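Asker: Fold the following, please.
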Amino acid sequence: MASLLEKVQTLVSANLHWMVDQALKTNSIAVINQYIREVEDNLEDLQNAVATVGGQVKTLKRQHDDAQAKADELDRNIDLFLKEGREDLAMAAQSKLNSTQRLVTTYSTQLEQMQREYQSLMDARLKLEAKLTTIKQEKEELQALLDLAKSKEIAAKTMKSLDDLAGVGDADVARIAESIRGRLDRASAESEMRAASLDKQMDDVLERDQLDAQLSARKARLGLAKEG
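Answerer: So this is what the prediction gives:
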């Protein structure tokens with residue numbers, strides 16, 4: 001289980017901004033797709049682990065409660081046997097009580113450990129799900145940005161071709177070329193506006209990360225930070 005949690009921790013701590021930069025540099029979102037596949041695979045493993053450990057917690061809790069109920073009954077019986085002067089039965093019951101109490105202690109220790117492991121798995125699942133949601137949103141925005149970049153590259157090539165046409169001396173061809181250039185300029189301006197919007201969204205995410213860090217530090221100072 002520790003190995004699974006280590007893998008999850010690695011994925012959770014992955015630098016999404018680095019992946020975004022790599023995708024932009026290479027004009028490909030392959031690195032992000034690979035991360036998403038790894039996260040989804042580990043999420044599935046986490047779901048199975050959570051179900052397994054959750055079942056073990058329930059089993060241990062039931063065994064602990066059963067043992068505790070038996071210990072309580074033995075404790076009452078000892079008092080009853082002593083009141084009736086049956087010290088032989090009281091001694092036998094005391095021996096069973098001692099054994100049962102040791103079993104209760106063992107179950108308590110195991111249950112506490114298992115509950116901590118279960119909580120760790122639940123926390124890891126929530127963090128990984130949040131990371132997956134974030135990177136999927138980044139992927140959609142990046143895909144739109146890369147598509148815009150490809151469109152602008154095509155537009156640049158087209159503009160060059162139009163410049164060549166405009167220089168042939170035919171007034172009609174030149175007029176058509178100029179009209180098409182105007183449409184391409186408008187499309188380019190719209191692309192730049194969409195790219196600027198994406199930059200703002202990325203800045204907002206960075207600002208939220210900073211605010212989260214500041215609030216976490218304040219909670220720790222006030223003693224409000226969650227233990228564990």
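Asker: For the protein, which residues score under the pLDDT cut-off?
Answerer: Under the criterion pLDDT under 70, the flagged ranges of the chain are 1-2, 149-207, 225-228.
Asker: can you pull out the helices in it?
Answerer: Remark: helices assigned in the chain by DSSP state H are 2-12, 16-26, 30-83, 87-166, 171-222.
Asker: Check the offset of stretch 3-17 from the chain's centre.
Answerer: With Cα atoms, centre = their mean, to the nearest Å as the basis, stretch 3-17 stands 9 Å off its chain's centre.
Asker: Pick out the residue closest to the middle of this protein.
Answerer: Nearest to the mean C-alpha position of the chain, by Cα atoms, centre = their mean, lies residue 128 at 1.5 Å.
Asker: thought that residue was touching residue 46?
Answerer: Yes. With contact defined as Cβ atoms under 8 Å, residue 128 reaches residue 46; the gap is 6.7 Å. For glycine as for every other residue, the C-beta is placed from the backbone atoms N, C-alpha and C.
Asker: Please enumerate the shared neighbours of the two.
Answerer: Shared contacts of residue 128 and residue 46 (Cβ atoms under 8 Å, 6 or more residues apart in numbering): residue 8.
Asker: and residue 26, how many neighbours?
Answerer: Look at residue 26: counted by other Cβ atoms under 10 Å, it has 11 neighbours.
Asker: where's it relative to residue 117, distance?
Answerer: Distance of residue 26 to residue 117, computed by Cβ to Cβ, to the nearest Å: 40 Å.
Asker: I'd like to know how far the most far-flung residue of the chain relative to its centre sits from residue 76.
Answerer: Here the chain reaches farthest from its C-alpha mean at residue 85, the gap being 64.1 Å by Cα atoms, centre = their mean. Separation of residue 85 from residue 76 (Cβ to Cβ) stands at 17 Å.
Asker: Please list all residues in contact with the nearest residue to residue 114 once chain neighbours are set aside.
Answerer: Leaving out its chain neighbours, the residue that sits closest to residue 114 by Cβ to Cβ, 6 or more residues apart in numbering is residue 57, at 5.0 Å. Taking Cβ under 8 Å, 6+ apart as the criterion, residue 57 is in contact with 111, 114, 115, 118.
Asker: Can I get the residues you listed in JSON lines including distance to residue 220 and neighbour count?
Answerer: Output for the contacts of residue 57, formatted as JSON lines (distance: Cβ to Cβ, whole Å; neighbours: other Cβ atoms under 10 Å):
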{"residue": "111", "distance to residue 220": "29", "neighbour count": "18"}
{"residue": "114", "distance to residue 220": "28", "neighbour count": "18"}
{"residue": "115", "distance to residue 220": "24", "neighbour count": "16"}
{"residue": "118", "distance to residue 220": "25", "neighbour count": "19"}
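Asker: could I get those as JSON lines with distance to residue 213?
Answerer: Formatted as JSON lines, the contacts of residue 57 follow (distance: Cβ to Cβ, whole Å):
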{"residue": "111", "distance to residue 213": "35"}
{"residue": "114", "distance to residue 213": "32"}
{"residue": "115", "distance to residue 213": "29"}
{"residue": "118", "distance to residue 213": "28"}
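Asker: Which one of the residues you listed is nearest to residue 30?
Answerer: Residue 30 has its nearest neighbour among the contacts of residue 57 in residue 118, at 35.8 Å by Cβ to Cβ.
Asker: Distance of the closest residue to the closest one other than its chain neighbours relative to residue 73?
Answerer: Setting aside the residues directly before and after it, residue 118 is nearest to residue 53 in space (Cβ to Cβ, 6+ apart), at 4.7 Å. Residue 53 sits at a distance of 30 Å from residue 73 (criterion: Cβ to Cβ).
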